[in-house]
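Undergrad: below are the sequence and a predicted model for it; my questions follow.
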Amino acid sequence: AQSVTQLGSHVSVSEGALVLLRCNYSSSVPPYLFWYVQYPNQGLQLLLKYTSAATLVKGINGFEAEFKKSETSFHLTKPSAHMSDAAEYFCAVSEGKGFGNEKLTFGTGTRLTIIP
Amino acid sequence: DGGITQSPKYLFRKEGQNVTLSCEQNLNHDAMYWYRQDPGQGLRLIYYSQIVNDFQKGDIAEGYSVSREKKESFPLTVTSAQKNPTAFYLCASSIGRRQTNYGYTFGSGTRLTVV
């Protein structure tokens, strides 16, 4: 079964510094991978997705992620953190071959704090 | 605008009561899902439905029930058999089997508290 592991339940960075949130996956088939963001008491919003096209994926709010098959990783980065980036971030993997009704398995989340 | 509407936003349940959480979508999505979120545990799948009139248990279905009588609606009932129902509940939908998986669209959640 597919799974994702998010390293670090809490990450703190200074405003203007690089944001790096780590996600490693395990999948028996070429994976479809996703990053979501959740603000307090809200639902999850899709940041970006990898669907076997370009390995460097750009998303909303200046975030991007790179798919590295050799490292089974899909880490999320942003060059310069902004106070509005403070939220919880979830990595997810699709359980099948990329069809639109497949279940997603989510990581346990990383809470990002921005230090002024 | 298309989206998913969850109601109510906050819900309080007395011991022994059943409560129903509403989830409605106007995205014309075939598949719908219910997740439970607890601090530090991420999202855990309760039930999912890939098509109208069909649904399957997820990882933590005990104490919950669902129905899928209409494409747009996927209500979740938290029964008195669920011993620890206090949590944040999220509903989501995705496009369907004939399309590429572009991920889920989520509702804004319902926070259920036992009083």
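TA: Great, that's in hand.
Undergrad: chain neighbours aside, what residue packs nearest to A:Ser14?
TA: Closest residue to A:Ser14 apart from its sequence neighbours, by Cβ to Cβ, 6 or more residues apart in numbering or on different chains: A:Ile115 at 4.7 Å. Using the backbone N, CA and C atoms, a C-beta is placed for each residue, glycine as well.
Undergrad: these two touch, right, the one you found and A:Val19?
TA: No - counting by Cβ atoms under 8 Å, A:Ile115 stays clear of A:Val19, with 11.9 Å between them.
Undergrad: higher neighbour count, these two?
TA: For A:Ile115 versus A:Val19, neighbours defined as other Cβ atoms under 10 Å in any protein chain shown are more numerous around A:Val19 (19 against 12).
Undergrad: ok, the residue nearest to A:Ser14 - contacts?
TA: By Cβ atoms under 8 Å, 6 or more residues apart in numbering or on different chains, the residues touching A:Ile115 are A:Ser12, A:Val13, A:Ser14, A:Glu15.
Undergrad: shared neighbours of A:Ile115 and A:Val19, anything?
TA: A:Val13.
Undergrad: give me the helix or strand of chain B that scores worst on average pLDDT.
TA: Across the helices and strands of chain B, mean confidence by mean pLDDT, DSSP states H and E is lowest for strand B:96-100: a mean of 69.
Undergrad: helix or strand next in line after that one, which one?
TA: strand B:105-106 (DSSP states H and E).
Undergrad: interface residues of chain B facing chain A?
TA: B:4, B:6, B:30-31, B:33, B:35, B:40-43, B:45, B:48, B:50-51, B:58, B:88, B:90, B:92, B:94-109, B:111 (Cβ under 8 Å from any Cβ of the partner chain).
Undergrad: mind giving me the ChimeraX select for those, buried ones only?
TA: If you want just the buried ones from these in ChimeraX, going by 16 or more other Cβ atoms under 10 Å in any protein chain shown, the selection is:
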select /B:4,6,30,31,33,35,42,43,45,48,50,58,88,90,92,94,95,96,101,103,104,105,106,107,108,109
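Undergrad: just to revisit the earlier point, now the contacts of A:Ile115: which count as buried?
TA: Using 16+ other Cβ under 10 Å as the burial test, these include A:Val13 as buried.
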